[in-house]
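J.: With the sequence up front, the predicted model follows.
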Amino acid sequence: MKTTLIICIFVLGSWALYPGRAANLTYSKVTVLSDSIKLDPICKMKVQPSTVHKSTFNKQEYLFCSKGCKLKFDQNPEKYIKK
């Protein structure tokens with residue numbers, strides 16, 4: 001019982017001394033997830049790469065949340081692209 005208590009105190013103490021390690025691990029997981037999700041250039045919604053609503057302009061592929069956003073982009077893509 002004493003050994004278990006000592007181990008628990010040691011672990012809790014090390015977490016208190018190095019709080020940034022847990023935050024960095026969480027941040028890197030979030031970064032990996034956000035790399036796969038793109039933003040719709042029309043409405044700024046998050047879009048999965050597997051969407052069927054895609055257009056190519058100047059050799060760049062753009063993803064859209066809906067057919068309506070894709071049609072707006074296709075009519076005037078330069079309006080929605082930041083340079």
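T.: Sure, I can see it.
J.: in this structure, which spans are strands?
T.: Taking DSSP state E as the test, the strands found in the chain are 38-39, 46-47, 54-57, 60-63.
J.: Relative to residue 71, which of the ones you listed is closest?
T.: Of all these, it is strand 54-57 that lies closest to residue 71, at 9.4 Å by C-beta to C-beta. For glycine as for every other residue, the C-beta is placed from the backbone atoms N, C-alpha and C.
J.: the bottom helix or strand of the chain by mean pLDDT?
T.: helix 19-36 (a mean of 50; mean pLDDT, DSSP states H and E).
J.: Mind checking the strands of the chain for the one nearest to residue 3?
T.: strand 46-47 (48.6 Å).
J.: elements contacting the closest one?
T.: strand 38-39 (3 or more C-beta pairs under 8 Å, 6 or more residues apart in numbering; DSSP states H and E).
J.: care to break the protein down by domain?
T.: For the chain, the structural domains run 1-36, 37-83, going by automatic domain parsing.
J.: mean pLDDT for these: which is lowest?
T.: The minimum mean pLDDT among the domains of the chain belongs to domain 1-36 (a mean of 57).
J.: Please produce TSV containing the strands of the chain, extended by mean neighbour count and distance to residue 69.
T.: Formatted as TSV, the strands of the chain follow (neighbours: other C-beta atoms under 10 Å; distance: least, C-beta to C-beta, whole Å):
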stretch	mean neighbour count	distance to residue 69
strand 38-39	15	11
strand 46-47	16	9
strand 54-57	13	10
strand 60-63	16	9
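J.: So for residue 78, which of the ones you listed sits nearest?
T.: Distance to residue 78, taken as C-beta to C-beta, is lowest for strand 54-57 among the strands of the chain, at 8.3 Å.
J.: Would you list the strands that that closest one pairs with, along with their directions?
T.: Sheet pairing for strand 54-57, assigned by DSSP bridges, gives strand 60-63 (antiparallel).
J.: Stretch 56-74 spans what distance, first to last residue?
T.: Using C-alpha to C-alpha, to the nearest Å, one end of stretch 56-74 lies 9 Å from the other.
J.: let me fix that: stretch 48-60
T.: As for stretch 48-60, its first-to-last residue distance stands at 16 Å under the measure C-alpha to C-alpha.
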